[in-house]
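Q: Mind folding the following:
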Amino acid sequence: MSLDLLEYLEGFITEERKQRFLEVLAQRTNHFTVAIEDVYQLHNTSAVIRSCDVFGVQHVHIIEKEYGERLDKNIAMGSQKWVDVSKYKSASSCVNTLREKGYQIIATTPHEDASVLEGFDINKKSAFFFGTEKSGLTDEIMEQADGFLKIPMYGFTESLNISVSAAIILQQLTSKLRSSEIPWKLSEEEILEKRIDWTKKSIKSIEDVLKRY
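A: Model (predicted):
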């Protein structure tokens with residue numbers, strides 16, 4: 001049924017777009033995911049989602065306990081269409097969901113006891129948590145974390161903007177992942193699901209098209 005639906009929907013998009021979806025999905029991963037906790041500056045959340053799209057991370061998790069909606073579509077540059085976004089009202093619900101999916105919880109922090117980025121073990125499925133601009137991650141996340149990760153810094157400044165930190169971490173670790181023998185790619189079922197989803201998002205008047213199907 002899903003294959004029949006996909007074949008029908010692909011009749012409404014160009015061959016070039018179809019091929020582009022296949023190329024992008026071949027580089028997508030759920031081995032790593034990103035979680036953002038109560039980020040105040042909405043453009044930072046949007047920029048992180050954009051970085052996830054750029055570096056092939058398919059899923060982003062947003063905890064909106066205090067500040068509410070944190071997505072600026074202009075800064076995300078449409079990447080929210082291609083990256084799956086899940087939202088949570090509490091840190092615990094986000095952590096529990098990710099644990100159930102087999103992820104270890106990695107808190108990003110400049111603290112001295114954190115692992116340095118270059119030496120991070122990429123073998124386990126990992127969810128990287130990023131906190132607020134001023135105070136970082138809450139104690140709740142820090143206490144539940146399975147590990148800590150930091151970017152080495154050598155200047156007077158002790159921290160980076162959250163969106164910059166996410167981009168650096170994702171670029172380095174996804175590059176390392178793609179050079180490894182770890183089975184990091186999406187499953188056939190996940191690829192089929194995203195092909196249908198993305199094709200739907202590319203068709204104007206999709207509701208009318210689906211009714212005809």
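Q: can you pull the contacts of His31?
A: Ile122, Lys125, Ser126, Leu177, Ile182, Trp184 (CB atoms under 8 Å, 6 or more residues apart in numbering). Quick note: C-beta positions are derived from backbone N, CA and C, even for glycine.
Q: Considering the residues you listed, which possesses the most neighbours?
A: The member of these surrounded by the most neighbours (other CB atoms under 10 Å) is Ser126, with 23 neighbours in all.
Q: distance of that residue from Ile36?
A: Here Ser126 is placed at a distance of 15 Å from Ile36 (CB to CB, to the nearest Å).
Q: Low-confidence bits of the protein, can you list those?
A: Applying pLDDT under 70 to the chain picks out residues 1, 40-42, 65-79, 112, 133-134.
Q: show me where this structure has strands.
A: 32-37, 59-63, 84-88, 104-108, 115-116, 126-130, 147-150 (DSSP state E).
Q: which other helices and strands contact the shortest one?
A: Under the contact criterion of 3 or more CB pairs under 8 Å, 6 or more residues apart in numbering; DSSP states H and E, strand 115-116 touches strand 147-150.
Q: Pull out the buried residues from the strand it packs on.
A: Across strand 147-150, burial judged by 16 or more other CB atoms under 10 Å covers Phe148, Leu149, Lys150.
Q: Could you tell me which strands sit next to that strand in the sheet, and their orientation?
A: strand 104-108 (parallel), strand 115-116 (parallel) (DSSP bridges).
Q: Switch these over to TSV; also include distance to Thr132 and mean neighbour count.
A: Shown next, in TSV, are the strands paired with strand 147-150 (distance: least, CB to CB, whole Å; neighbours: other CB atoms under 10 Å):
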stretch	distance to Thr132	mean neighbour count
strand 104-108	12	21
strand 115-116	22	12
